[in-house]
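1. what follows is a predicted protein model with its sequence.
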Amino acid sequence: MTTNCIGCGREIPAERAELGYTYCTAPACQARYRQGPTVTAVAVNKSGDAFRVAAPDEIAARAAAGELAPKNTGLGTQHVDTPRVPAPRRAPRRAARPVTPAWTPAQENIVRLYADMGLSPRQIAERARQNTPRLAVTEALAVRILSAPRR
């Protein structure tokens, strides 16, 4: 069974004719007769668009029927005025005292010096214990100093 293209008259392969095509794969015939699916983007509130693949007439009919309309548009829109209750008075806040660090400038200097050399807090504590035992630098103190902003 041979079928000819309705546009140019060339013979259509049997496999293509069995699928129901009446035109060939030449670019001119494809441009003239090909009808691909129509993809319509439906906007959805607070999320990405929903895509529908259907014929334009079907999309128009579904939209007219309200299938693509926003859902739950009336939820939470009824406002009932409630009487206002005055908030209790609060005592004025006191000015916050400046926070003084729990370490001395000498401790901070030695910890930051060793940290700049690339030592870990554990290594900093060991080195400080050997070289400056009077500063009493511990691993926990080294971590607190390194976590705080520079003075």
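-> Received the coordinates, thanks. Numbers count the residues shown, from 1 in each chain.
2. could you pull out the strands for the protein?
-> Remark: strands assigned in the chain by DSSP state E are 3-4, 11-12, 38-42, 50-54.
3. what sits up against the last one?
-> Yep, that's strand 50-54 we're talking about. 37-42, 44, 59, 62, 68 (C-beta atoms under 8 Å, 6 or more residues apart in numbering). From N, CA and C alone the C-beta is placed, and that goes for glycine too.
4. which pair in those has the greatest spatial separation?
-> The span of the contacts of strand 50-54, defined through C-beta to C-beta, is set by P37 and V44 at 20.3 Å.
5. low-confidence ranges in the protein?
-> Across the chain, the ranges flagged by pLDDT under 70 are 1, 45, 69-82.
6. A140 versus P149, what's the distance?
-> Separation of P149 from A140 (C-beta to C-beta, to the nearest Å) stands at 18 Å.
7. show me the contacts for the residue nearest to R62 when sequence neighbours are not counted.
-> Setting aside the residues directly before and after it, R62 is nearest to L68 in space (C-beta to C-beta, 6 or more residues apart in numbering), at 5.9 Å. When contacts are counted by C-beta under 8 Å, 6+ apart, L68 touches 42, 52, 59, 62.
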